[in-house]
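Chemist: no sequence on this one, just coordinates:
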């Protein structure tokens, strides 16, 4: 399984929001915030390598960001301006279903591999978690030298051999029928977006200390590592602290 933090966006808007409620906002300040963020952040929202020639700009950004997080863990609307774009490769389908349980937290911004389209034909792949833990029946039969027939009759109907079982002959190329035999151990990919406030909720329920599936916990912790790599302030202590 691999996790890719594609981008963090909205930090500049979140900082601007901090000045609204106390009526200290001005358009000049807003433009200045955008300018500084543009100078110190990469296009993907990560922090640029420190430059002595821009020491003042880096200091100003960090002062804003630390102040934002100091207040934002309680005033969570400000942190909702900060979005994470994340791609996950190879989480098993059962774990992906667990992740889907939080679709409301993603504002339904999650798209996953389809098991319906013809390009999604699965063979005997299993995710990293299940490797060496399970053996599909077909693979076990081949290993034991058991030759399963290519066709069979059942209840007066003809069936043909497929991955993990048999399919009614006339439906052998029907992707809606074929996926009925797929196991929940198949690896799946998906992309989702989530804001910082909602991520804190997901982290609390799916982190390494939770009762979630082991691969789901691993996925959650890998995302947490990536976020802290982008910005040291986006750490587990903050996620646990955010009220959500």
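Modeler: All right, it came through fine. What you see is a predicted model, and the numbers here were worked out from it, not measured in a lab. Numbers count the residues shown, from 1 in each chain.
Chemist: where are the low-confidence patches of the protein?
Modeler: 118-120 (pLDDT under 70).
Chemist: which residues of the chain fall in helices?
Modeler: Shown for the chain, the helices assigned by DSSP state H span residues 11-18, 27-40, 55-72, 93-100, 137-143, 175-178, 196-206, 214-230, 236-241.
Chemist: As CSV, those with mean neighbour count and distance to residue 78 would be great.
Modeler: Any C-beta I mention is one placed from the backbone N, CA and C, and that applies to glycine too. Below are those laid out as CSV (neighbours: other Cβ atoms under 10 Å; distance: least, Cβ to Cβ, whole Å):
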stretch, mean neighbour count, distance to residue 78
helix 11-18, 21, 5
helix 27-40, 14, 13
helix 55-72, 16, 4
helix 93-100, 20, 26
helix 137-143, 13, 52
helix 175-178, 15, 45
helix 196-206, 21, 9
helix 214-230, 18, 17
helix 236-241, 15, 13
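Chemist: Next, count neighbours for residue 148.
Modeler: 12 (other Cβ atoms under 10 Å).
Chemist: Can you pull the phi and psi angles for it?
Modeler: phi -80, psi 140 (degrees, to the nearest 10).
Chemist: Hmm, residue 141 and it touching each other?
Modeler: Yes - using Cβ atoms under 8 Å, residue 148 is in contact with residue 141, at 5.6 Å.
Chemist: How about the residue in this protein that sits furthest from its center?
Modeler: Using Cα atoms, centre = their mean, the residue of the chain lying farthest from its centre is residue 156. It sits 46.0 Å away.
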